[in-house]
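Colleague: what's the 3D shape of this:
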Amino acid sequence: MEENSANQNIIQKTFRRIFFYILIFVLLISLTFFFVFKDQDLGSIFNIVNHANIAFVALGVALMIGYFCVEAWNIRSLLASFGNKISFLKSLKFTLIGFFFCSVTPGASGGQPIEIYYMSKEKIPAANATMALLVQICGIQISVMALGVIGMVTFPHILLNNGIMLMTLIGLAINGFALVVLLVCVFSRRLTQKVVNSGISVIKFFGYKKIEQKRASINKTLKQYSSCSKYILSHRKEFTISVLRTLLQMALFYAIPICVYKALNLSGANLIELFFMQTILFMATSGLPLPGAVGASETIFLAIYSTIFGEELLGSALLINRGISFYWFVLVSLIVVFINAIRIKSQK
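Modeller: Below you'll find the predicted structure:
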């Protein structure tokens with residue numbers, strides 16, 4: 001009973017914190033739209049959006065749906081390899097719930113813990129859920145880095161012409177560091193343990209009182225990483241297929257600006273360059289500690305695509321692109337979160 005009560009308190013504190021993050025998220029969106037469009041003719045922007053080619057807008061939405069479906073397919077396959085068979089729709093539900101909480105928490109930190117929580121409600125062991133999501137995260141980081149670096153090498157003028165070199169290099173460093181840390185944690189528990197013990201010694205020196213609780217929590221996490229490394233080493237084929245799926249997933253996402261370009265009845269641009277512009281944009285912003293990279297994504301989009309869409313269409317292109325790839329699906333995933341919460345409550 002005491003353990004259940006403690007778990008309920010943790011869950012309540014977590015959701016209160018997430019509600020606070022949602023408020024910050026809404027505030028960031030409001031400020032972003034104010035500063036981006038304060039000197040723009042909104043009537044003209046919305047008129048252009050209303051007259052966009054609906055077929056290409058629908059294609060962009062289809063690409064984003066495909067993005068979620070590939071991730072759901074990947075997680076379902078990974079869970080099946082652990083002996084936990086779930087339906088595709090259930091896996092898609094977890095994916096959308098994770099997307100929402102990643103979108104509203106700083107650095108996308110809230111998605112995976114909430115996914116694990118809801119998976120456990122469906123009788124999926126937390127260890128298996130954690131491992132499936134760790135493999136998914138590995139694939140995403142590898143895909144983001146690989147496609148982003150290819151974009152930088154293939155089209156270096158993107159960085160030079162738009163003055164975003166520093167931002168992109170910071171994003172490259174953050175994502176590269178995250179990937180290295182993830183791989184070290186997964187494949188070298190001994191080295192990670194030494195680093196953790198050194199860090200704990202420093203914190204302990206400054207009189208942090210709950211250090212042993214923190215040590216136990218970190219050791220539990222390292223054990224999960226160790227289990228993940230054993231899975232990868234013994235299931236190399238499944239891991240490789242998982243990474244290929246995440247490459248496909250990210251490719252679908254990166255292709256959305258091409259649909260936006262066509263939706264505005266434009267032609268003549270290099271569509272491959274449009275694709276790799278998005279890889280650079282995402283790499284530059286994905287590591288920032290901002291909910292959904294709100295503010296940064298819009299700012300860099302305006303800089304990086306200014307020569308493609310021109311001043312007259314740039315604001316409309318931003319609205320369509322972020323509407324398809326982010327805002328609309330934040331709303332859709334929020335509805336899924338509410339429906340799932342009501343379902344769980346009714347079952348109780």
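
Colleague: show me where the stretch 101-250 of the chain has its helices.
Modeller: Secondary structure of the stretch 101-250 of the chain by DSSP state H, counting those that start in this stretch: the helices cover 111-121, 126-154, 157-162, 165-187, 189-205, 211-234, 236-254.

Colleague: worst mean pLDDT among those?
Modeller: Per-stretch mean pLDDT for those is lowest at helix 189-205 (a mean of 56).

Colleague: how close does Met250 get to Met145?
Modeller: Applying CB to CB, to the nearest Å, one obtains 11 Å for the distance of Met250 from Met145. For the C-beta atoms, the positions are set from N, CA and C on the backbone; glycine is no exception.

Colleague: the two - which one has more neighbours?
Modeller: Neighbours per residue, other CB atoms under 10 Å: of Met250 and Met145, the larger number sits with Met250, 24 against 17.

Colleague: OK, contacts around the more buried one?
Modeller: With contact taken as CB atoms under 8 Å, 6 or more residues apart in numbering, Met250 is in contact with 67, 140, 143-144, 147, 279, 282.

Colleague: counting neighbours, what do you get for Pro125?
Modeller: Residue neighbour count, defined by other CB under 10 Å, stands at 15 for Pro125.

Colleague: next, it: phi, psi?
Modeller: phi -50, psi 140 (degrees, to the nearest 10).

Colleague: contact partners for it?
Modeller: The contact partners of Pro125, by CB under 8 Å, 6+ apart, come to Asn84.

Colleague: neighbours around Met64, how many?
Modeller: As a burial measure, the neighbour count of Met64 was computed by other CB under 10 Å and equals 21.

Colleague: so it touches Arg322, yeah?
Modeller: No - at 11.3 Å, Met64 and Arg322 do not qualify as touching, with contact defined as CB atoms under 8 Å.

Colleague: average pLDDT across the helix or strand harbouring Glu298?
Modeller: Element membership of Glu298, judged by DSSP states H and E, is helix 296-304. The average pLDDT for helix 296-304 rounds to 90.

Colleague: cool, and stretch 96-107?
Modeller: Here the mean pLDDT over stretch 96-107 is 87, rounded to a whole number.

Colleague: quick check: buried residues in that stretch?
Modeller: Burial within stretch 96-107, assessed by neighbour count using 16 or more other CB atoms under 10 Å, is assigned to 96-105.

Colleague: and what of stretch 166-178?
Modeller: Of the residues in stretch 166-178, those with enough neighbours to count as buried (16+ other CB under 10 Å) are 167-168, 171-172, 174-176, 178.

Colleague: now, which of the residues you listed sits nearest Asn340?
Modeller: If you rank the buried residues of stretch 166-178 by distance to Asn340 using CB to CB, Ala178 comes first, at 28.7 Å.

Colleague: I figured the closest one was touching Pro289, is that so?
Modeller: No - taking CB under 8 Å as the contact criterion, Ala178 and Pro289 are not neighbours in contact, 12.0 Å apart.

Colleague: by contact count, what packs against the helix holding Glu298?
Modeller: helix 2-37, helix 157-162, helix 271-285, helix 306-322 (3 or more CB pairs under 8 Å, 6 or more residues apart in numbering; DSSP states H and E).

Colleague: please identify the deepest-packed of the ones you listed.
Modeller: Looking across the helices and strands packed on helix 296-304 with neighbours counted as mean count of other CB atoms under 10 Å, the highest average goes to helix 271-285: a mean of 22.

Colleague: helices or strands next to that one in the packing?
Modeller: helix 126-154, helix 157-162, helix 165-187, helix 236-254, helix 256-263, helix 296-304.

Colleague: do that again at 6 Å, thanks
Modeller: Using 3 or more CB pairs under 6 Å, 6 or more residues apart in numbering; DSSP states H and E as the contact criterion, the elements in contact with helix 271-285 are helix 126-154, helix 165-187, helix 236-254, helix 256-263, helix 296-304.
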